[in-house]
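Asker: quick one, structure for this:
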Amino acid sequence: MKKSALQNLVPCALFILLCGLMCLVNLGPERPESPGSKERARVLQADNSNVERLGLALKGEQMLKVKILSGSHKGEVFDAQNVLRAQMDFDKMFEPGDDVLVSILDGADCRTDTVNAQDHYRLGLTAALFCLFAFLLVVFGGWTGAKALVSFAFCCAAIWKILIPLCLRGANPILVSVFAVFILSAVIIFLVAGFTKKGFSALSGTMMGVLASCAAAWIFAGLFKINGAVMPFSQALLYSGYENLSLSDLYIGGVFLSSSGAVMDLSMDVASGMEEVGRFRANFKTLFFAGIRIGRSVVGTMSTTLLLAYAGGYLTLLMAFMANGAEPADFLNNPYIACESVKTLVGSFGLVLVAPFTALAGAFIMSEKK
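Answerer: The predicted structure follows:
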């Protein structure tokens with residue numbers, strides 16, 4: 001095996017092993033014992049006679065015949081019910097041929113018992129989409145794409161198995177998020193760039209930009225009087241037995257966590273450009289101003305990237321304000337709009353600062369020393 005291939009394979013294998021170990025960690029709350037199981041099933045028949053339309057929404061009960069495709073009841077045909085509550089964001093309608101997720105009680109008998117059809121079954125499509133993404137990433141990026149895929153998996157495992165459980169256990173969400181961003185940034189940057197001067201420069205600039213975003217989020221979330229309850233399912237979380245959680249701290253942690261990817265991207269762009277300049281044995285001043293010029297050329301588009309990402313997530317909210325002829329004062333003072341304004345501007349604040357931070361760190365690390 002070639003030395004370059006071995007150098008790429010070893011870190012990938014190491015972080016795949018770490019992903020596996022994290023999956024074995026269980027820091028979350030204990031799950032209550034379930035009285036049954038959730039299985040995949042296929043709709044054979046659908047009866048909509050008890051479904052009525054209330055304006056744009058549906059209410060009533062859809063009766064189904066489903067064939068179980070997994071678990072101990074595989075191959076059995078059950079009656080199933082799908083309760084509609086006139087909530088368009090939660091209600092769903094099934095048709096013959098659809099794959100659904102059903103809840104089956106222990107000891108259920110297909111001749112007498114009815115199961116609950118909970119939602120469309122999407123695991124197969126999710127896996128297929130991820131495999132397509134992984135294939136394209138590896139084919140296009142080669143070893144760099146493979147390492148990016150490993151870092152993607154590591155991020156998913158770290159967020160689900162470490163960050164979220166620690167926040168649920170009452171750890172300070174701001175500190176946990178800062179720690180998570182540092183670990184994830186280090187893993188992603190060093191996997192892609194290696195333990196090089198470029199990697200250390202990008203990590204240094206990223207963390208300084210993230211800390212600046214954290215400070216700005218903490219200051220402006222207080223000034224804007226944003227309590228974090230505008231986040232989706234925040235009240236449901238409190239009513240689930242976690243009333244001691246600080247939604248404000250969760251919001252602040254989420255602000256710079258969501259912008260850290262763009263900050264990391266910009267930092268890597270600046271560090272990569274400076275590395276090329278540094279090949280000509282440039283001094284500190286030359287490298288610093290080269291980094292500043294590179295940062296200026298990309299910071300504008302990256303800020304717009306954040307704006308478009310957040311605007312796309314709240315597109316219907318923006319349309320609702322326009323449809324109702326809301327005045328600018330009503331629009332900008334709405335807590336949901338204020339929440340997104342702080343998120344966008346604080347994220348952009350970190351982006352603007354990460355370029356000079358990376359230029360400074362890169363000039364110090366990469367410059368030709370006498």
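Asker: what is the end-to-end distance of stretch 162-181?
Answerer: Stretch 162-181 has an end-to-end distance of 12 Å (CA to CA, to the nearest Å).
Asker: tell me which residues in it are buried?
Answerer: Buried residues in stretch 162-181, counted by 16 or more other CB atoms under 10 Å: 162-163, 165-168, 173-174, 176-178, 180-181. Where C-beta positions appear, they are placed from N, C-alpha and C, glycine not excepted.
Asker: any low-confidence regions in this protein?
Answerer: Under the criterion pLDDT under 70, the flagged ranges of the chain are 1-7, 368-370.
Asker: quick one: the strands in the chain?
Answerer: Defined through DSSP state E, the strands belonging to the chain, from first to last, are 36-47, 51-54, 57-68, 77-85, 99-105, 114-120.
Asker: can you redo the buried residues of stretch 162-181 as JSON lines with distance to residue 295?
Answerer: Supplementary listing: these in JSON lines, determined by distance: CB to CB, whole Å:
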{"residue": "162", "distance to residue 295": "32"}
{"residue": "163", "distance to residue 295": "29"}
{"residue": "165", "distance to residue 295": "36"}
{"residue": "166", "distance to residue 295": "33"}
{"residue": "167", "distance to residue 295": "33"}
{"residue": "168", "distance to residue 295": "38"}
{"residue": "173", "distance to residue 295": "30"}
{"residue": "174", "distance to residue 295": "27"}
{"residue": "176", "distance to residue 295": "29"}
{"residue": "177", "distance to residue 295": "25"}
{"residue": "178", "distance to residue 295": "23"}
{"residue": "180", "distance to residue 295": "25"}
{"residue": "181", "distance to residue 295": "20"}
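Asker: hang on, the earlier thing: now the strands of the chain as JSON lines including distance to residue 310 and mean neighbour count?
Answerer: Shown next, in JSON lines, are those (distance: least, CB to CB, whole Å; neighbours: other CB atoms under 10 Å):
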{"stretch": "strand 36-47", "distance to residue 310": "33", "mean neighbour count": "18"}
{"stretch": "strand 51-54", "distance to residue 310": "33", "mean neighbour count": "12"}
{"stretch": "strand 57-68", "distance to residue 310": "28", "mean neighbour count": "18"}
{"stretch": "strand 77-85", "distance to residue 310": "30", "mean neighbour count": "18"}
{"stretch": "strand 99-105", "distance to residue 310": "31", "mean neighbour count": "20"}
{"stretch": "strand 114-120", "distance to residue 310": "27", "mean neighbour count": "17"}
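Asker: got TSV for these, with distance to residue 307 too?
Answerer: Conversion of the strands of the chain to TSV gives the following (distance: least, CB to CB, whole Å):
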stretch	distance to residue 307
strand 36-47	39
strand 51-54	37
strand 57-68	32
strand 77-85	35
strand 99-105	36
strand 114-120	32
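Asker: many thanks, have a good one.
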